[in-house]
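J.: Sequence below, structure please.
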Amino acid sequence: MLTVAGLALAVLVAGGLLLPGSAPLLAVWLAGWAVNAWLARHDNGLSRAAIPLIFGATLLAVWELACATFAIPAVILPAPSAIGAAFAANLPLLWGDFVQTILRGALTGWLIGAGLAVLTAIAIDRSPFLQRGLLPIGNFVAALPIVGIAPILVMWFGFDWQSKAAVVVVMVFFPILVNMVAGLAATDALARDQIATWGAGYAQALAKLRLPAAMPFLFNGLKITTTLALIGAIVAEFFGSPTRGMGFRISTAVGQLDMALVWAEILLAALAGTAFYGIVALIERRVTFWHPAQRG
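T.: Now for the predicted structure:
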């Protein structure tokens, strides 16, 4: 693999296709590639943790060198060092935006949407009429563009976090609902017959058999919607927000050409989304420890 990379580099140099001054960038990239290729041959916990870290560090180094080498204007692409400086200099501002957008808007809407989806899935499971009538409507609503429903919900619920939570509820409700309905239907027929012979009613069968069996499906929907919740809350703030929030800050910073702050908000969203997903995945491992996917 490294030999192929070296031949490709030689061809580019010979053909004069490389930009002047790009040799240090290529050297950093190939060095990171070589280290990761060596680590990949040693499959252990340390190498699995080190490879993504080295790959990320290599990307940041190439990004930083490219901005310095080619004098890329900050309004086009700020360097990672400038983004880090903006992040550190605006920590109180970023924290306020995080509380407004993530904790109040995204997390609240995600919890409400997930709770409503689970209750609705149980109702659908009990009613064939709802299963035939509600799910097609759900697919239709799920296909609606967020830029279309967000301004409507902002007008209905106001400019504060409540309207952002409402947008998140709409975005996360149906993905979780579809997964939960599939999970409730996934129990083995023999297991359902057996628990019925023990005289268990619907509530007992639901609590003892069907809900535990549906947990992998539920957590699949929950993990998918962690990112949808963040996107929905941020995008909704473009259509009306108090003077705080990540979407509001990105919009105003773009107008002021403060792209370092824009990227700092993007970095904050990425960190929050990663943490959000990781927490849900950790809870999933504790709840569905019995599932084959969690073994090994």
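
J.: center of this protein - which residue?
T.: Nearest to the mean C-alpha position of the chain, counting by Cα atoms, centre = their mean, stands residue 227 at 2.9 Å.

J.: how about the nearest residue to that one, chain neighbours excluded?
T.: Leaving aside its chain neighbours, residue 227 sits nearest to residue 273 (5.6 Å; criterion: Cβ to Cβ, 6 or more residues apart in numbering). Where you see a C-beta, it was placed from the backbone N, CA and C, and this is true even at glycine.

J.: Give me the neighbour count for that neighbour.
T.: Neighbour count for residue 273, taken as other Cβ atoms under 10 Å: 17.

J.: Please apply the same query to residue 169.
T.: 22.

J.: State the distance from it to residue 271.
T.: 24 Å (Cβ to Cβ, to the nearest Å).

J.: my guess is residue 284 contacts residue 223, does it?
T.: Yes: contact criterion Cβ atoms under 8 Å: residue 284 and residue 223 qualify, at 7.3 Å.

J.: more crowded one of these two?
T.: Taking neighbours as other Cβ under 10 Å, residue 284 and residue 223 compare with residue 284 leading, 20 against 16.

J.: can you tell me the helix or strand for that one?
T.: Under the criterion of DSSP states H and E, residue 284 resides in helix 259-287.

J.: just how off-centre is the strand or helix carrying the residue nearest to the centre of the chain within its chain?
T.: In this assignment (DSSP H and E), residue 227 forms part of helix 211-236. Here helix 211-236 shows a centroid-to-chain-centroid distance of 9 Å under the convention Cα atoms, centre = their mean, to the nearest Å.

J.: Send over the following helix or strand past it as PDB, restricted to the C-alpha atoms.
T.: Moving toward the C-terminus from helix 211-236, the next helix or strand (DSSP H and E) is helix 246-255. Extracted C-alpha coordinates of helix 246-255, given in PDB (Å, rounded to 0.1, in the frame of the first residue of the first chain):
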ATOM      1  CA  MET A 246     -25.700  27.900  18.300                       C
ATOM      2  CA  GLY A 247     -27.700  28.500  15.200                       C
ATOM      3  CA  PHE A 248     -28.100  32.200  16.100                       C
ATOM      4  CA  ARG A 249     -24.400  32.500  16.700                       C
ATOM      5  CA  ILE A 250     -23.500  30.900  13.400                       C
ATOM      6  CA  SER A 251     -25.800  33.100  11.500                       C
ATOM      7  CA  THR A 252     -24.600  36.400  13.100                       C
ATOM      8  CA  ALA A 253     -20.900  35.300  13.000                       C
ATOM      9  CA  VAL A 254     -21.200  34.600   9.200                       C
ATOM     10  CA  GLY A 255     -22.600  38.100   8.800                       C
END
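
J.: now the angle from helix 246-255 to helix 211-236?
T.: On the basis of axes from the mean of the first three to the mean of the last three Cα atoms, to 10 degrees, helix 246-255 is oriented at 30 degrees to helix 211-236.

J.: Run through who's touching helix 246-255.
T.: For helix 246-255, the surrounding residues in contact (Cβ atoms under 8 Å, 6 or more residues apart in numbering) are 93, 97-98, 100-102, 233-238, 241-242, 259, 261-262, 265-266, 268-269.

J.: Show the average pLDDT along it.
T.: For helix 246-255, mean pLDDT is 90.

J.: relative to helix 259-287, how tilted is it?
T.: Going by the same axes, to 10 degrees, helix 246-255 is angled at 160 degrees with respect to helix 259-287.
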